[in-house]
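K.L.:
A structural model of the following input is requested.
(one chain, ligands or ions: 1)
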Amino acid sequence: MRIFIDSANIKEIREINDMGFLAGVTTNPTLVAREKRDYFKVVKEICEIVDGPVSAEVISAEVEGMVIEAERLAEIHPNVVIKIPVTEPGLQAINILKQKGISSNATLVFSANQALLAARAGAAYVSPFIGRIDDIGNDGLAVLSDIIEIFDQYMIDSEVIAASIRHPMHAVAAAKIGSHIATIPYSIIKQMIKHPLTDVGIEKFLHDWRQAF
Ligand code: E4P
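P.N.:
Have a look, this model is predicted:
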């Protein structure tokens, strides 16, 4: 499973990228709005830092608007992937973008059916929102597992991005299920790195070393 960061914060992205395991970035309108900066500049800067797909989402709800926005965003950098919500116009836009050679990430996916349709429409990536499915009392990981099973069964080459990851065990479960990618917030990546026994171990090694020399 490849690791993406779900962030639009340059400092966070740079810090995580420096550790060498980052394979891409996803943003969304909420994350970008939090930065209070020019959208295009933020996306460009992210692309200059991370060598991998960078998802930038459209705001329009109609096909034409989505395609116009997508074309503008795609001009920023060859690694830009356009995030399109799975709606009827969204699927049409995914189809048009595919024909134009623009890569898309079907977002706000909450069911295996939405994932299947988006993949068949031409999305390069589909993003089931595990945490938000859990939030409404359903099983986000079960949806993720269904999607992986269906894509495997039919050799669908769209990649699945486990999104809306809320805690480190979501990442473990997504990896075990076979998700191609997980997009993970900065704070959760930090939790994944940390283990109390690592800290205790370092302290003990240092203590023993200092006593001997
Ligand atoms: C993914 O592409 C989304 O930006 C993200 O994972 C949404 O997560 P949230 O449900 O925590 O907002």
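K.L.:
Return the residues in contact with the residue positioned nearest the centre of the chain.
P.N.:
Nearest to the centroid of the C-alpha atoms of the chain, with distances taken as Cα atoms, centre = their mean, sits T183, at 3.4 Å. For T183, the set of contacting residues under the criterion of Cβ atoms under 8 Å, 6 or more residues apart in numbering consists of 4-6, 24-26, 127, 161-163, 165. Every residue, glycine included, has its C-beta placed from N, CA and C.
K.L.:
and if we set it to 6 Å?
P.N.:
Contact partners of T183, counting by Cβ atoms under 6 Å, 6 or more residues apart in numbering, are 4, 6, 26, 161, 163.
K.L.:
Point me to the helix or strand that includes the fourth one.
P.N.:
With the criterion set as DSSP states H and E, the secondary-structure element containing I161 is strand 159-162.
K.L.:
ok, residues contacting stretch 79-99?
P.N.:
Contact partners of stretch 79-99, identified using Cβ under 6 Å, 6+ apart, comprise 47, 53-57, 62-63, 66-67, 70, 73-74, 103-109, 114, 118, 121-123.
K.L.:
could you pick out which of the residues you listed are near the ligand?
P.N.:
Taking Cβ under 6 Å from any ligand atom, the overlap between these and the neighbourhood of the ligand is T107.
K.L.:
Filter the contacts of stretch 79-99 down to the buried ones.
P.N.:
Restricting these to buried positions leaves 47, 53-57, 63, 66-67, 70, 73-74, 103-109, 114, 118, 121-123, with burial counted as 16 or more other Cβ atoms under 10 Å.
K.L.:
Looking at these, which are in strands?
P.N.:
Counting by DSSP state E, the part of the buried ones among the contacts of stretch 79-99 found in strands is 54-57, 104-109.
K.L.:
Just the CA atoms of whichever strand or helix holds N95, as CSV, please.
P.N.:
If you go by DSSP H and E, N95 is part of helix 88-99. Written as CSV, here are the backbone C-alpha positions of helix 88-99 (Å, rounded to 0.1, in the frame of the first residue of the first chain):
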residue,chain,number,x,y,z
GLU,A,88,-24.3,12.0,-12.5
PRO,A,89,-22.5,15.1,-13.8
GLY,A,90,-19.3,13.9,-12.0
LEU,A,91,-19.3,10.6,-13.9
GLN,A,92,-19.9,12.5,-17.2
ALA,A,93,-16.9,14.8,-16.3
ILE,A,94,-14.7,11.8,-15.5
ASN,A,95,-15.6,10.3,-18.9
ILE,A,96,-14.8,13.5,-20.7
LEU,A,97,-11.5,14.0,-18.8
LYS,A,98,-10.5,10.4,-19.6
GLN,A,99,-10.9,11.2,-23.3
